[in-house]
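# structure for the following, please:
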Amino acid sequence: MLENQWICTNELSLSDFLFPNSRKSGHHICYHYYANIVKNWVSKLGLVIAQYDTHSLSHIKASLIYALTKNLRAIQLLLGHSKLQNAGNNYTFIR
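Have a look, this model is predicted:
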């Protein structure tokens, strides 16, 4: 996978951020900066920006992971749900 190659090439550890803050060492970028990155990527691909925001992309990724693994606990952790039931309500319909 491309992201695994990027992580290995940059010798990242579990404590490193995928999107580090260039102004504050040891911190991640803010949500708004990340949202602008996503917006620019979507725009460059010629997609409709309103259909591909950070929230919908996180759920697309979670849907794909659940479809492959059926692991609701992983989805709960990925999306930051406090209850497993909240994650399950959104993804158990996927076959």
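# just give me the residue closest to the centre of this protein.
For the chain, residue 58 is the residue whose C-alpha lies nearest the centre (CA atoms, centre = their mean; 4.7 Å).
# so it is in which element?
Mapping residue 58 onto the secondary structure by DSSP states H and E places it in helix 54-69.
# for that helix, which helices and strands make contact with it?
Contacting helix 54-69 under the criterion 3 or more CB pairs under 8 Å, 6 or more residues apart in numbering; DSSP states H and E are the following elements: helix 31-44, helix 72-79, helix 84-91. For the C-beta atoms, the positions are set from N, CA and C on the backbone; glycine is no exception.
# hey, least reliable of those by pLDDT?
The minimum mean pLDDT among these belongs to helix 84-91 (a mean of 66).
# what mean pLDDT does the helix holding residue 58 get?
83.
# so which bits of it are buried?
By neighbour count, with 16 or more other CB atoms under 10 Å as the criterion, the buried positions of helix 54-69 are 62, 66.
# and stretch 11-30, end to end?
When the termini of stretch 11-30 are compared using CA to CA, to the nearest Å, they are 23 Å apart.
# mind listing what's buried along that stretch?
Residues residue 29 are the ones in stretch 11-30 that count as buried (16+ other CB under 10 Å).
# chain center to it: distance?
15 Å (CA atoms, centre = their mean, to the nearest Å).
# and stretch 20-35, by the same measure?
The offset between the C-alpha centroid of stretch 20-35 and the centroid of the whole chain comes to 15 Å, using CA atoms, centre = their mean.
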